[in-house]
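J.: sequence and predicted structure, then a few things I'm wondering about:
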Amino acid sequence: MEQPDLAALLSRASLLAFPSLYEGFGFPPLQAMRAGVPVVATRAGSLPEVLGDGALLVEVGDHEGLVEALVTCLGDEVERRRLIAAGAAWSARYSWERCGDGLEALYRDAAAGRG
């Protein structure tokens with residue numbers, strides 16, 4: 001999906017529900033948080049680490065907890081504002097430049113025999 005299309009979709013979203021069973025990283029919820037969209041996700045794979053306190057997290061398979069988190073996110077304006085602010089702050093920690101810098105350092109350490 002083209003970035004302008006994604007930005008347009010996210011700008012209209014009330015929230016992003018991401019009930020994953022397993023997740024290696026979690027770009028969609030991170031993109032939503034960066035766009036100011038509150039996120040409800042499961043504690044699957046890397047999501048707790050990647051999303052931090054910027055999302056409401058529920059256990060995988062906890063359908064009642066997922067419904068409760070969605071209702072909270074849609075109906076509690078104070079919590080919704082908190083999630084939007086926390087999501088923006090948390091997602092700001094991630095950038096492609098920072099990723100590239102980390103990979104470069106990793107490769108330099110490996111080449112120097114420090115890895």
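T.: It's in.

J.: and the strands in the protein, which stretches?
T.: Assigned by DSSP state E, the strands in the chain fall at 16-18, 39-42, 56-58.

J.: and the residue lying closest to residue 79 once chain neighbours are set aside, how far is that from residue 10?
T.: Closest residue in space to residue 79, ignoring its immediate chain neighbours: residue 72 at 5.6 Å, by Cβ to Cβ, 6 or more residues apart in numbering. Quick note: C-beta positions are derived from backbone N, CA and C, even for glycine. Computed as Cβ to Cβ, to the nearest Å, the residue 72 to residue 10 distance reads 20 Å.

J.: and for residue 35?
T.: Distance, residue 35 to residue 10, using Cβ to Cβ: 4 Å.

J.: worst-scoring helix or strand of this structure, pLDDT-wise?
T.: Of all helical and strand segments in the chain, the minimum by mean pLDDT, DSSP states H and E falls on helix 96-111, at a mean of 76.

J.: would you list every one of the helices in the protein?
T.: Assigned by DSSP state H, the helices in the chain fall at 3-12, 27-34, 47-51, 63-75, 77-91, 96-111.

J.: let me know which of these is tucked in deepest.
T.: With neighbours taken as mean count of other Cβ atoms under 10 Å, the helices of the chain reach their highest mean count in helix 27-34, at a mean of 21.
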